[in-house]
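Engineer: My questions are about this predicted structure, shown below with the sequence.
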Amino acid sequence: MKVVRFHAPGDVRIEDAPEPTAGPTDVKIRVRACSTCGTDVKISRFGHHHIAPPRVMGHEIAGEITEVGGDVTDWRPGDRVQVIAAIPCGTCAECRRGRMTVCPNQVSMGYHFDGGFAEYMVVPHNVLAVDGLNRIPEGLTFAEASVAEPLACVLNGQNLAGVGEGDDVVVVGSGPIGCLHVRLARARGAARVFLVDLNRERLDLAANLVQPDTAICGADTDVVDAVLKLTEGRGADVVITATAAGAAQEQAVQMTARQGRISFFGGLPKDKPVISLDSNLVHYRELTIVGANGSSPEHNKEALRLIADGSVPVADLITHRLPLDRALDAFGIVARGEAIKVTIEP
């Protein structure tokens, strides 16, 4: 079978590999869709400290079960499934407290285990042990189901930031994560959603799909001033920085309303993780700043439900569908910002 394998930074190959076999506590799936994200591009260029090469990449996975281990009782060949990416241990102090997104023993598909840029893959028992294999609802395509993983992360972020009815929400970053944030904020009853990006072409592409109340191009205007004017000087109730930019985090503090919430959703580069923070704005405005790190198995289940019932449509966000042998082209499309979501269909 064909796989997309990471060997070293700058060395990702499409190559032949033997078809895997499920162990007694595993299941094997025929991968039908594995969507790409910016993390895949970063891994291909710079590697990752959790990846011991060679490793099959891909973590936004949906497929069809073809084989179940002898000790597996709840699944059958032919079942359509979505696979979590981040796998908590389920037994540590954080997991027992329901904080699975910050499990210190977390492992991940495409990092510690071979991922979904392959014709076939094994879903390890670690996933099954935390109920991380989800049935795809009837009527949902494999490609749509693969987007449940990033939506699950978005769901976690908005839960932590308390996005809800009547909020004015600013989303900084118009990539696939930013688009999902706009759609989910709408589904949660936000009054207005403003989308911000420095790249006019990418912003226009996203805005045409998700239709924010206002699209603000940071290359053309002062973002903080624009948000303050749109909110009659109040600022936004919630600001979500869905971009790896320290400047966006600094601006977020300046354009958040009193008792507003800020989600530092996008992590910063490892060599530049420190920002300048006006602590007095946080203090006097009673602001809340929260991080957001991945998702839990329950977030994945809810994300699938939100997609299936139409609350958060994702089909139109999949702007490119490519075969496995064009996966490297997909990384280039993502890196250049020419797409919203690129899905590989092996």
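Structural biologist: The structure has been received and is ready for your questions.
Engineer: In terms of helices and strands, where is residue 126?
Structural biologist: Using DSSP states H and E, residue 126 falls within helix 125-129.
Engineer: Contacts for that helix, please.
Structural biologist: For helix 125-129, contacts defined as C-beta atoms under 8 Å, 6 or more residues apart in numbering pick out 23, 25-27, 69, 72, 74, 83-84, 87, 90, 107, 109, 113, 132-133. Where C-beta positions appear, they are placed from N, C-alpha and C, glycine not excepted.
Engineer: What about the residues you listed, which are in helices?
Structural biologist: The members of the contacts of helix 125-129 all map outside helices under DSSP state H.
Engineer: Out of the residues you listed, which end up buried?
Structural biologist: 26-27, 69, 72, 83-84, 87, 90, 107, 109, 113, 132-133 (16 or more other C-beta atoms under 10 Å).
Engineer: can you list those in TSV and add pLDDT?
Structural biologist: Output for the buried ones among the contacts of helix 125-129, formatted as TSV (pLDDT from 0 to 100):
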residue	pLDDT
26	98
27	98
69	96
72	96
83	98
84	98
87	98
90	96
107	97
109	97
113	97
132	97
133	98
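Engineer: which stretches of the stretch 101-250 of the chain aren't confidently modelled?
Structural biologist: Applying pLDDT under 70 to the stretch 101-250 of the chain flags no residue at all.
Engineer: how about the strands of it, start to end?
Structural biologist: 107-108, 120-123, 133-135, 168-172, 192-197, 214-217, 236-241 (DSSP state E, counting those that start in this stretch).
Engineer: tell me which strands and helices the first one is in contact with?
Structural biologist: With contacts taken as 3 or more C-beta pairs under 8 Å, 6 or more residues apart in numbering; DSSP states H and E, strand 107-108 sits against strand 86-87.
Engineer: what's the strand it packs on packed up against?
Structural biologist: Using 3+ C-beta pairs under 8 Å, 6+ apart, strand 86-87 sits against strand 107-108.
Engineer: among the contacts of helix 125-129, which two are most distant?
Structural biologist: Farthest-apart pair in the contacts of helix 125-129 is 74 and 107; separation 21.3 Å (C-beta to C-beta).
Engineer: The biggest helix by length in the chain to strand 168-172, inter-axis angle?
Structural biologist: Counting by DSSP H, the longest helix found in the chain is helix 148-161. Here helix 148-161 runs at an angle of 130 degrees relative to strand 168-172 (axes from the mean of the first three to the mean of the last three C-alpha atoms, to 10 degrees).
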